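Asks: sequence-free structure coming up:
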């Protein structure tokens, strides 16, 4: 009761929120002055103090010499270039739109059309996973981010803890039905006819990712909630599978297809594992309010890439294959399976709001069910009008995905 009344987190809640071990927590207390209060034998953490500490140290961790902060510069501000930091994920097929946009140069092209009088410098940051981009947005070093559904929902949950952080969803990106695009890959020496044996294996996944967020549900479905889950980046997961150090991985595309292509493992079907797998474009609300033309320019490029992929699948696959150094067929097969559609459907918003890692993974004070997803479709509508595309109805579209109209 006191923790709720005085807005404290328990030690367990803080460890889950920060996604660190007790030893790391204690080290941060000693060396980084992580705030805490001791009440008897219990360690409690004030949420307001934790917010301030997190923002300070997130900024320090993410600051690099090439990332300059231009907010607050008053002398010669008009002569200073506007720096736009875009976070993307080249490792996730569902979010390849931003990677293709970067290679094609279309964001810069649209910026030059909309604000020709302003010098804009675009800096692209290839995140290993969605949570890294969320951290970058909180630290103020990323203004636009393309992320999967779980990190999007995670971002909005964190905005409850960090009231100065106000993410807004501008558009959707790649979509697949019924959770397709994320697969359980087991090593060749594992009997895939007996999935319950996964309780004896080490299963790797990316922490707090769209795959990691679904792993709990998969293990419960197989009756293997006691499986040993280890957190690995996608590249590490593939390398560990090749060395036989883990029994399998729960991963997104194209890594599941690559594991099969190179004979590292076999894909176990996990169709019907909950909601559709979604991704989208998120911006920080206050920054967007100061630079609305940047948001419109990005969404115009976003829509152009979607249309280009749908019309030029092979060419898009060759671009991805060249940049990511993967087989063209793997790239093409994945691009073909994804619905490239920026349009917000009511069912998509509802799916994001239902995202929850489960009580065994995160405390209610941190990741709450039915989180409200703030959608601002006005920028997307403006981009659609400027590209002279047929405009959908205002607000989220009802019903199932349209087979004819995609954006």
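Replies: Cool, the structure landed. Predicted, not measured: the structure shown is a model, and the values here were computed from it.
Asks: rest of the way, CA atoms for contacts and neighbours
Replies: OK.
Asks: I'd guess residue 406 is in a helix, am I close?
Replies: No - applying DSSP: H, G, I helix; E, B strand; the rest coil, one finds residue 406 to be coil, outside a helix.
Asks: so what's it up against?
Replies: Each residue near residue 406 by Cα atoms under 8 Å, 6 or more residues apart in numbering is listed here: 340-343.
Asks: try 10 Å
Replies: By Cα atoms under 10 Å, 6 or more residues apart in numbering, the contact set of residue 406 is 303, 306-307, 310, 339-343, 390, 392.
Asks: just give me the neighbour total for residue 280.
Replies: Using other Cα atoms under 10 Å, residue 280 is surrounded by 25 other residues.
Asks: what helix or strand does it sit in?
Replies: Counting by DSSP states H and E, the element that carries residue 280 is strand 279-284.
Asks: just checking: what are the partner strands of that strand?
Replies: Neighbouring strands of strand 279-284 in its sheet, by DSSP bridges, are strand 144-148 (antiparallel), strand 167-172 (antiparallel).
Asks: phi first, then psi, for residue 379.
Replies: The main-chain torsion angles of residue 379 are listed as degrees, to the nearest 10 and equal phi -70, psi -40.
Asks: okay, domains of this protein per the record?
Replies: Domain ranges of the chain: 2-61, 79-176+276-386, 181-268, per automatic domain parsing.
Asks: now the ones you listed as CSV including distance to residue 407 and mean pLDDT?
Replies: Shown next, in CSV, are the domains of the chain (distance: least, Cα to Cα, whole Å; pLDDT from 0 to 100):
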stretch, distance to residue 407, mean pLDDT
domain 2-61, 35, 71
domain 79-176+276-386, 5, 88
domain 181-268, 20, 71
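Asks: deepest-packed of the strands paired with strand 279-284, please.
Replies: For the strands paired with strand 279-284, average neighbour numbers computed from mean count of other Cα atoms under 10 Å are highest in strand 144-148, which has a mean of 29.
Asks: which elements pack onto the next helix or strand after that one?
Replies: On the C-terminal side of strand 144-148, the nearest following helix or strand under DSSP H and E is helix 149-161. With contacts taken as 3 or more Cα pairs under 10 Å, 6 or more residues apart in numbering; DSSP states H and E, helix 149-161 sits against helix 47-62, helix 130-138, strand 144-148, strand 167-172, helix 212-221, strand 279-284, helix 346-353.
Asks: from the ones you listed, which stretch is densest packed?
Replies: strand 144-148 (a mean of 29).
Asks: got the angle for that strand vs helix 130-138?
Replies: Calculated by axes from the mean of the first three to the mean of the last three Cα atoms, to 10 degrees, strand 144-148 forms an angle of 150 degrees with helix 130-138.
Asks: what's the angle from strand 144-148 to helix 149-161?
Replies: Compare the direction of strand 144-148 with that of helix 149-161 by the same axes, to 10 degrees and you get 120 degrees.
Asks: now the strand holding residue 280 and helix 346-353, what's the angle there?
Replies: When the same axes, to 10 degrees is applied, the directions of strand 279-284 and helix 346-353 differ by 70 degrees.
Asks: longest helix in this protein, please.
Replies: For the chain, the longest helix by residue count, based on DSSP state H, is helix 292-311.
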